[in-house]
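K.L.:
Using only what follows, build the 3D model:
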Amino acid sequence: MTIDVLLWCLVLLPALVALAWIDIRTLRLPDRLTLPLIGAGVIQFWYFTGDIWTALIGAIAGYLFFLIVEKGYLALRGQNGLGRGDAKLLAAGGAWCGWMSLPWIVLIASSSGLVFAGLLTLLGRRPTGMMPFGPFLALAIALVWLGRLRLGWT
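P.N.:
Residues are numbered from 1 along each chain as shown. This next block holds a predicted model:
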C-alpha cells in the first residue's frame, strides 16, 4: 500500500466509522461529516484517476437516487423510511467510488442490513421501529472503495 492510499484511507475510514457510530446512537448522519466527505471524495477520485466527472456524477446520482426512494416511500406509506443523511452518505460513496459503483454500494448495504435484521429476528430481538441504515452504507462504501483500489480500478 502506497503512502497516498494510506493517507486517503485515514480520511475515509475514520469518517465512515464516526458516521456509523453516530447513526447507531442518534439515527442521524450529520452534514458536518457527510458534506466534507463528498468534497474529499471528488478530490480523491480525481487524484487517483484524473477524472472529476465520474465522481461528480456519482455524487449527484447517489443523492438523487436515495432522494427518489425517500420521496417514493413517503408517498406510498405515508411515513419516512429513509433519511436525507442516507442520501448524502450515498452521494459521498458515489464521489469516492464513482457512479458505476453505486449499484454495488446499494446492494452490499441493503444485503448486509437485511442479514443483520434477519439475525436479530432469529435471536429473538426482532427490530422494531427505525433501524439506522448508515452503518451498512458506511460498510459498503469502505468495501467497494478498498476493492476498487485492490483490483486497480482507481
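
K.L.:
Helix or strand for the residue lying farthest from the centre of the chain, just tell me which one.
P.N.:
Distance from the C-alpha centroid of the chain, by Cα atoms, centre = their mean, peaks at Gly124 (28.4 Å). For Gly124, there is no enclosing helix or strand under DSSP states H and E.

K.L.:
Okay, buried residues for stretch 55-70 please.
P.N.:
55-59, 61-63, 65-67, 69-70 (16 or more other Cβ atoms under 10 Å). For glycine as for every other residue, the C-beta is placed from the backbone atoms N, C-alpha and C.

K.L.:
same deal with stretch 112-129?
P.N.:
Across stretch 112-129, burial judged by 16+ other Cβ under 10 Å covers Ser112, Gly113.

K.L.:
ok, residues contacting it?
P.N.:
Met131, Phe133, Phe136, Leu139, Ala140 (Cβ atoms under 8 Å, 6 or more residues apart in numbering).

K.L.:
Poorly predicted segments of the chain, please.
P.N.:
Residue ranges of the chain with pLDDT under 70: 153-154.

K.L.:
Recalculate using a threshold of 90.
P.N.:
For the chain, the stretches flagged by pLDDT under 90 are 1-2, 79-83, 124-130, 148-154.

K.L.:
what's the closest non-adjacent residue to Gly85?
P.N.:
Among residues not flanking Gly85 along the chain, Leu29 sits closest, at 2.9 Å (Cβ to Cβ, 6 or more residues apart in numbering).

K.L.:
Disregarding residues adjacent in the polypeptide, which is nearest to Gly81?
P.N.:
Excluding the flanking residues, the one nearest Gly81 by Cβ to Cβ, 6+ apart is Tyr73, at 3.8 Å.

K.L.:
List the residues that contact that neighbour.
P.N.:
Contact partners of Tyr73, counting by Cβ under 8 Å, 6+ apart, are Gln79, Asn80, Gly81, Leu82.

K.L.:
what do you get for Leu27?
P.N.:
Going by Cβ under 8 Å, 6+ apart, Leu27 touches Gly83, Met130, Pro132.

K.L.:
same question, Val17
P.N.:
Per Cβ under 8 Å, 6+ apart, neighbours of Val17: Ala138.

K.L.:
Asp23 versus that one, what's the distance?
P.N.:
For Val17, the distance to Asp23 equals 11 Å [Cβ to Cβ, to the nearest Å].

K.L.:
Cool, thanks, talk later.
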